[in-house]
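# Starting from these lines, generate the structure:
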Amino acid sequence: MQARVILVGGFLGAGKTSLLFEAANKLTVNGKRVGLITNDQAPELVDTTFLERTSGAVKEVSGSCFCCNYDGFTDAILHLIKKQQAEIIIAEPVGSCTDLSATILQPLKAHFGKEFAVSPLTVLVDPKRLSDVLNEENSGLHPSAVYIICKQIEEADIIAISKIDLLTPEEAEDLRIRTAKKWPNTTVLTLSSRTREGLDEWLKEVTSRDEAGTNLAEVDYDIYAEGEAVLGWLNVTFELKGTSVNWNSFAKDLLGALSQRFDDLNAAVGHVKLIIEAGDDFEDFVIGNLTGKKESLSIRGNVKNANNSQVTLSKGKMTLNARVQMEPEKLEKIVLEEVANACRTDINSKILALKCLSPGRPNPTYRYNYVVK
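All right, here's what the predicted structure looks like:
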């Protein structure tokens, strides 16, 4: 029986990691062996730390996108199949990446058609960003970043509208209809990772269909490169120690302060994610997300004690990833200032790893101009 590879693309903040988490847990409960692959321009990734808490095996491909490190991506797939006996591999490319049909799906079909089945390309879309695209608005994003979102949707086999728990049923259905009308050659689904609504339908589609990469987008790489370069990109990990710290409140307050700084500067947020692992063995965690203005802030998980009640602990490890429309040096300065403000005199912080950059021009290993049958 062939292993199956499922690619879930979509812009920053669309909810890809949450979908992978819920999908992996659902498939595992159903008796499947699952492997997950994360991807980023730099190491120290919140997504990897979070997904390692599922029952699936996790591999990270960092330093560039899948398309620019195709061999690293396929090595990760083969490792999960051969070493972890994974039957289903779900991979999440960098959120600012597009042209996946030409640079990933067609090469996979050409090179590994006998080794594993390739599922339809899913592109997950935040409903607010999707509405803005349909209304020809930009959510404050640079036009070249919006171009990336449009090209991601254009090449999708499946458009999955995420976070429908934030919409009324009528709003969700209206958005689905408008999307299907705009892109008539694509399957359009709605789902919520938070409530799991639509999860089973999406899993049925991607685990039973083999028509992968049926759409090729015409991508202008000059605009694509500019769309990535306008974003500052920060990955940082801290060791945190205090006398008695409520890490749940710490995470919420820190994200709130960062959101306020970015809002004041009118700097569009791709996403800001953090995960704090606490306790002697870092067994508990809290994860926070910011995907736009302050109202998009969300917290999940909880640092609890043995009695399942909120507790203060002295030791924590925090990984923070930020993708914001500003110069990387400015982004680094703001994040470090707000972490220092959040720690005040109560918490000692030590940087364990830090990488701040602006993504370079994409240079894919392969780029097919036709659909491989």
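# would you say Gly35 is within a strand?
Yes: per DSSP: H, G, I helix; E, B strand; the rest coil, Gly35 lies within a strand segment.
# what are the ranges of the helices in this protein?
Secondary structure of the chain (DSSP state H): helices located at 16-29, 46-51, 70-82, 100, 106-112, 127-134, 143-154, 169-182, 199-208, 221-229, 247-264, 328-343.
# so which of those helices comes closest to Ile89?
Of all the helices of the chain, helix 70-82 sits nearest to Ile89, with 5.4 Å by Cβ to Cβ. No exception for glycine: its C-beta is placed from N, CA and C like everyone else's.
# what helices or strands is the closest one leaning on?
Packing partners of helix 70-82 (3 or more Cβ pairs under 8 Å, 6 or more residues apart in numbering; DSSP states H and E): strand 34-40, strand 57-62, strand 88-91, helix 106-112.
# swap the cut-off to 7 Å and go again
strand 57-62 (3 or more Cβ pairs under 7 Å, 6 or more residues apart in numbering; DSSP states H and E).
# Pairing partners for the strand it packs on, with directions?
Its sheet considered, strand 57-62 pairs with strand 34-40 (parallel) by DSSP bridges.
# Could you check the angle the strand it pairs with makes with helix 70-82?
Put simply, strand 34-40 runs at 160 degrees to helix 70-82, going by axes from the mean of the first three to the mean of the last three Cα atoms, to 10 degrees.
# Tell me how far strand 34-40 lies from the chain's centre.
Computed by Cα atoms, centre = their mean, to the nearest Å, the chain-centroid distance of strand 34-40 equals 10 Å.
# now do stretch 247-255
Computed by Cα atoms, centre = their mean, the chain-centroid distance of stretch 247-255 equals 21 Å.
# how about it: buried residues?
By neighbour count with 16 or more other Cβ atoms under 10 Å, stretch 247-255 contains the buried residues 247-248, 250-252, 254-255.
# How about stretch 178-189?
By neighbour count on 16+ other Cβ under 10 Å, the buried set for stretch 178-189 is 179, 183, 186-189.
# which of those residues sit farthest apart?
Pairwise distances among the buried residues of stretch 178-189 were taken by Cβ to Cβ; the largest, 12.5 Å, belongs to Trp183 and Leu189.
# What does Arg367 show for phi and psi?
phi -150, psi 100 (degrees, to the nearest 10).
# separation between it and Ile6?
Separation of Arg367 from Ile6 (Cβ to Cβ, to the nearest Å) stands at 22 Å.
# Mind checking which of the two has more residues around it?
Under the neighbour definition other Cβ atoms under 10 Å, Arg367 and Ile6 were set side by side, and Ile6 has more, 25 against 17.
# now that one: how far from Ile37?
10 Å.
# Need the overlap of contacts for the two.
Common neighbours of Ile6 and Ile37, using Cβ atoms under 7 Å, 6 or more residues apart in numbering, are Ile89.
# Which parts of this structure belong to which domain?
3-227, 232-357 (automatic domain parsing).
# Could you identify which of these is most buried?
Neighbour counts (mean count of other Cβ atoms under 10 Å) averaged over each of the domains of the chain peak at domain 3-227, with a mean of 20.
# low pLDDT regions in the protein?
54-55, 280-282, 302-313 (pLDDT under 70).
# Now do the top strand by length along the chain against helix 328-343, angle only.
Counting residues, the longest strand found in the chain (DSSP state E) is strand 232-245. In terms of direction (the same axes, to 10 degrees), strand 232-245 departs from helix 328-343 by 10 degrees.
# what's the spacing between strand 232-245 and its chain's center?
With Cα atoms, centre = their mean as the basis, the mean position of strand 232-245 lies at 20 Å from the chain mean.
# Apart from its chain neighbours, what residue comes closest to Ser139?
Asp132 (4.8 Å; Cβ to Cβ, 6 or more residues apart in numbering).
# Apologies, that question was intended for Ser96.
Among residues not flanking Ser96 along the chain, Glu228 sits closest, at 4.8 Å (Cβ to Cβ, 6+ apart).
# and what of Val146?
Closest residue to Val146 apart from its sequence neighbours, by Cβ to Cβ, 6+ apart: Asn138 at 4.9 Å.
# what's the spacing between the one you found and Thr214?
28 Å.
# do Val125 as well
According to Cβ to Cβ, Val125 and Thr214 sit 18 Å apart.
# ok, Gln84 - contacts?
Per Cβ under 7 Å, 6+ apart, neighbours of Gln84: 35, 57.
# what residues are up against Ala342?
Residues in contact with Ala342, defined by Cβ under 7 Å, 6+ apart, are 250, 253-254, 257.
# Out of these, which is nearest to Leu354?
Using Cβ to Cβ, the contacts of Ala342 come closest to Leu354 at Leu254, 16.2 Å.
# Could you report the separation of the spatially closest residue to the closest one that is not a sequence neighbour from Leu320?
Setting aside the residues directly before and after it, Leu254 is nearest to Ala342 in space (Cβ to Cβ, 6+ apart), at 4.4 Å. Using Cβ to Cβ, Ala342 is found at 11 Å from Leu320.
# Val46 too?
Val46 is 7 Å from Leu320, where distance means Cβ to Cβ.
# Now do the shared contacts for those two.
With Cβ under 7 Å, 6+ apart, Val46 and Leu320 have common neighbours Leu274.
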